[in-house]
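# Whatever this is, show me its structure:
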Amino acid sequence: MYQERSFIGRGVPYLGPYAGGKKRDVGNCSALKIGFSEDKKTLPNYRTGGGGVANSQSIVSAMTCSMTLSDFDEENLALATFGASSAVAAGSVTDESHTAYVGGLVRFDNLPDTSTIVVTDATGVTTYVLDTDYSVNAAGIVPISGGAISDAATILVDYTKVAGNVVQALTQSSQEWSLTLVGLNDAQSGKSVVVDLHRVKFSPAGELGFITDDFGNIEITGEVLADSNITGTGLSQFMKIEQAA
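Coordinates of the predicted model:
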């Protein structure tokens with residue numbers, strides 16, 4: 001008997017190293033798509049003047065996976081930039097030295113708690129005045145024209161660095177991942193749909209928008225590779241799809 005199986009997908013992708021380890025929740029994902037590229041050979045029909053095809057053969061030349069991620073957390077940013085992420089603990093910074101230029105950003109080595117910044121000259125004797133000699137922002141300070149900080153002066157800064165994280169882009173080579181979608185079919189009363197991509201290698205994101213008019217997305221694509229560890233009659237080395245009845 002025919003059973004209607006229309007589909008609206010929702011779910012949570014979990015991503016972990018192919019070699020083994022924790023599969024993490026990648027956060028809000030607005031799209032997860034699988035694609036196929038085809039290598040098709042055709043035999044033309046030479047027997048009649050009307051043309052056409054006498055036979056054809058198709059071989060899948062590539063299987064791809066694409067994800068649209070909404071969470072700009074450090075792990076997703078590292079994934080999208082072939083980078084590495086690390087945590088930064090809060091703590092005190094003393095006598096951090098910089099060369100200051102009037103009207104130019106003095107970029108601190110860490111993200112500062114802006115309420116804790118103290119700026120002095122290179123000797124530590126003269127303390128400069130906030131909003132008279134410099135202004136502050138999330139990255140550091142900007143010496144004010146007409147203030148006491150001269151152009152190209154060496155300054156020392158004390159501050160409390162805030163807890164956070166750092167992503168260093170393009171420090172990692174391409175890695176292999178295993179992905180599981182713990183999903184549901186919203187068009188079928190939320191019945192379970194679980195999809196496993198056994199071995200995936202992602203490319204870096206095509207672009208990252210850090211100034212946008214709308215919520216930003218991280219769009220990544222990858223190639224689904226054969227997992228030779230999966231053996232047995234009828235078992236796919238690429239993808240498994242399970243649906244609740």
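# Could you chop this protein up by domain?
As given by automatic domain parsing, the domain ranges for the chain are 9-39+52-84+168-243, 90-162.
# Columns distance to Gln3, mean pLDDT and mean neighbour count on top of those, output as JSON lines?
Bear in mind the C-beta positions are built from the backbone N, C-alpha and C, glycine included. As requested, those are exported to JSON lines (distance: least, CB to CB, whole Å; pLDDT from 0 to 100; neighbours: other CB atoms under 10 Å):
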{"stretch": "domain 9-39+52-84+168-243", "distance to Gln3": "10", "mean pLDDT": "97", "mean neighbour count": "15"}
{"stretch": "domain 90-162", "distance to Gln3": "55", "mean pLDDT": "98", "mean neighbour count": "15"}
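# For this protein, which segments count as helices?
Assigned by DSSP state H, the chain shows helices spanning 74-81.
# so Val53 sits right up against Leu43, yeah?
Yes. In terms of CB atoms under 8 Å, Val53 counts as a neighbour of Leu43; the distance is 6.7 Å.
# Any idea how far apart the tips of stretch 92-107 sit?
End-to-end span of stretch 92-107 (CA to CA, to the nearest Å): 17 Å.
# what's the spacing between that stretch and its chain's center?
Averaging C-alpha positions (CA atoms, centre = their mean, to the nearest Å) puts stretch 92-107 30 Å from its chain's average.
# Could you do stretch 50-69 as well?
Centre-to-centre, stretch 50-69 and its host chain are 29 Å apart (CA atoms, centre = their mean).
# again, but for stretch 5-20
With CA atoms, centre = their mean as the basis, stretch 5-20 stands 16 Å off its chain's centre.
# Please apply the same query to stretch 37-52.
Centroid separation between stretch 37-52 and its chain, computed with CA atoms, centre = their mean, is 44 Å.
# Tabulate the CA atom coordinates of stretch 50-62 in CSV.
Once side chains and other backbone atoms are set aside, the C-alpha atoms of stretch 50-62 remain, and they are given as CSV (Å, rounded to 0.1, in the frame of the first residue of the first chain):
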residue,chain,number,x,y,z
GLY,A,50,16.9,10.6,-36.6
GLY,A,51,19.8,10.3,-34.2
GLY,A,52,19.2,9.6,-30.5
VAL,A,53,21.0,7.4,-28.1
ALA,A,54,21.4,3.7,-28.4
ASN,A,55,22.8,3.2,-24.8
SER,A,56,24.2,5.2,-21.9
GLN,A,57,26.1,4.6,-18.7
SER,A,58,26.4,6.8,-15.7
ILE,A,59,29.1,6.7,-13.0
VAL,A,60,29.0,8.9,-9.9
SER,A,61,32.3,10.8,-10.1
ALA,A,62,31.9,12.6,-6.7
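# Surely Ser178 touches Phe202?
No. With contacts counted by CB under 8 Å, Ser178 stays clear of Phe202, the gap being 11.9 Å.
# contacting residues for Val53?
When contacts are counted by CB atoms under 8 Å, 6 or more residues apart in numbering, Val53 touches Thr42, Leu43, Pro44, Asn45.
# Okay then, goodbye and thanks.
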